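Undergrad: Quick one: sequence plus predicted model below, questions after.
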Amino acid sequence: MHALLFKNARIFDGSSANCAEGMTVVVADGLIQEVSSKSVKAPSDAQVIDVAGKTLMPGMIDAHVHAFASDVLVQKIETLGEAYRTAHAVRMLQHALRCGFTTVRDVGGGNYSLYRAMADKLFTGPRFFYSGKILSMTGGHGDFRQIEERPRYQAMCACEGSLFNAFCVIADGVDECLKAVREELRQGAHCIKIMGSGGVASPTDPVWMNQYREDEIRAIVNECVERRTYVSAHCHPASAIRRCVDFGVRTIEHGTLIDADTAAFVAERGAYIVPTVITIEQLAKMGRHMGFPAQSQEKADYAWKQAISGLDLMRSAGVKVCFGTDLLGSLYDQQCREFTLRSDVFTPLEILRQATSMTAEMMMMTGQLGCVSVGAHADLLVVDGDPLKDIALLAANGSKLAAIVRAGELIKNELR
């Protein structure tokens, strides 16, 4: 891999509104080696790229994806099988990289096998973090059995094996939860995700329902602390958000039905929220056409009515907001529309931070991802324009990106 030298760059570093101009950035061995306003001698093997005053910024992070979610119907995903899910994952992850997402965090279903396929360059995709299978209680958001299906009271016994699907494992009680956490961490999970409330796609749990007991959540959190990682929780209603944060959860997924008091509580505790507005909008608009069940469609419509106002509450309270999309099936190509929806509430600078430095902080990767600084991973974008003035440049499915660098490798280069 050749070294890279970017010259004449205007740099957004992931945090500051003040973008230094006329800068030089040297990349080698997959890392940023130098960021300077002075003339820099290029390494002997370096490819020199003239940025010509365009904006060089960190590669973006989508902190809520499901690479194997090949359909909006979980039952169909299971029926079509692993090969189909994998083919969808390759298509989706390659699209994400073309859009400038050089890192994704898969919070349900992603596994070591998919991570290893990209590490071994079987295909080119984003930097890949995964939480493994999501932990759900029986009858919770991860339990996709229909109401008429018979129970499996011995699902966790050795003779029958765990009750699970491509995305979730059912675990009830502290002992089962701890065993499930340890299994996912053993398989390389970067964090652990739990179902902390009801959800839209699951057939038998109301969206307002709080899930898991306090002792179960605290046990899961403590186990992750021992592994020097963290817990993420799927939560829609304010009550679920508050109790999960209170019990030690680091980051809330969705947070759609938050209220002002809960937003203030989350901000006070320093926890994070990863809203996923685009998937709620798309399910509300397209769910019926895509065969979404009536009970799930009703929940999607209800959540969409409050999704944007929820963002406003988070902003007013000073919540640490991260970037995520949660798109299922053929909706994956709407990923960049999340920028458009957020722009109804947030400034371009706020959204840029959400997609870079703030999400890196949430993932415990400050100084490694989401920044342009010496020692950071060389995941970089060159934007044809100023995204701090026009966030629509990032909503164009990568067409306004003149260059994409992932781990020091040029994925795209339209510069001289």
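TA: Good, I have the coordinates. Numbers count the residues shown, from 1 in each chain.

Undergrad: all helices of the stretch 51-200 of the chain, in order?
TA: In the stretch 51-200 of the chain, the segments counted as helices under DSSP state H, counting those that start in this stretch are 74-80, 82-98, 112-119, 173-186.

Undergrad: Output the contacting helices and strands for the third one.
TA: Counting by 3 or more C-beta pairs under 8 Å, 6 or more residues apart in numbering; DSSP states H and E, the packing neighbours recorded for helix 112-119 are helix 82-98, strand 127-130. In short, each C-beta sits where N, CA and C put it, glycine included.

Undergrad: If we use 6 Å, what do you get?
TA: Under the contact definition 3 or more C-beta pairs under 6 Å, 6 or more residues apart in numbering; DSSP states H and E, helix 112-119 sits against no other helix or strand.

Undergrad: Dihedrals phi and psi, the closest residue to Tyr212 other than its chain neighbours?
TA: Leaving aside its sequence neighbours, Tyr212 sits nearest to Met137 (C-beta to C-beta, 6 or more residues apart in numbering; 5.6 Å). In terms of degrees, to the nearest 10, the main-chain angles of Met137 are phi -80, psi 160.

Undergrad: quick one: Met137 and Thr229, what's the gap?
TA: Separation of Met137 from Thr229 (C-beta to C-beta, to the nearest Å): 21 Å.

Undergrad: Looking at these two, which one has more neighbours?
TA: Legend: neighbour count by other C-beta atoms under 10 Å for Met137 and Thr229, higher for Met137 (22 against 17).

Undergrad: separation between the more buried one and Gly196?
TA: Distance, Met137 to Gly196, by C-beta to C-beta: 10 Å.

Undergrad: Pull up the overlap in contacts between the two.
TA: Common neighbours of Met137 and Gly196, using C-beta atoms under 6 Å, 6 or more residues apart in numbering, are Gln211.

Undergrad: Could you list the domains of the protein?
TA: Residue ranges for the domains of the chain, per automatic domain parsing: 4-59+370-413, 60-335.

Undergrad: end to end, how far does the shortest one reach?
TA: So that's domain 4-59+370-413. 12 Å (C-alpha to C-alpha, to the nearest Å).

Undergrad: swap in the last one?
TA: Domain 60-335 has its terminal residues 12 Å apart, counting by C-alpha to C-alpha.

Undergrad: Any stretches of the stretch 201-350 of the chain with poor pLDDT?
TA: Within the stretch 201-350 of the chain, not a single segment meets pLDDT under 70.

Undergrad: what are the ranges of the strands in it?
TA: 231-237, 251-257, 272-274, 320-321 (DSSP state E, counting those that start in this stretch).

Undergrad: closest to Asp45 out of those strands?
TA: strand 272-274 (39.6 Å; C-beta to C-beta).

Undergrad: ok, and what's touching the closest one?
TA: 63-64, 251-253, 255, 314, 319-322, 324, 362.

Undergrad: Turn the residues you listed into TSV, including distance to His2.
TA: Shown next, in TSV, are those (distance: C-beta to C-beta, whole Å):
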residue	distance to His2
Ala63	31
His64	34
Thr251	37
Ile252	42
Glu253	39
Gly255	43
Met314	43
Val319	42
Lys320	37
Val321	37
Cys322	33
Gly324	34
Met362	33
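
Undergrad: Among the residues you listed, which one sits closest to Val207?
TA: Gly255 (12.7 Å).

Undergrad: what's the burial count for the closest one?
TA: Around Gly255 there are 31 residues (other C-beta under 10 Å).

Undergrad: do Ile194 as well
TA: The burial count for Ile194: 32, using other C-beta under 10 Å.

Undergrad: Name whatever forms a beta bridge with Ile134.
TA: Beta-bridge pairing of Ile134 under DSSP bridges involves Cys168.

Undergrad: Do you know the pLDDT at it?
TA: Listed pLDDT for Ile134 reads 96.
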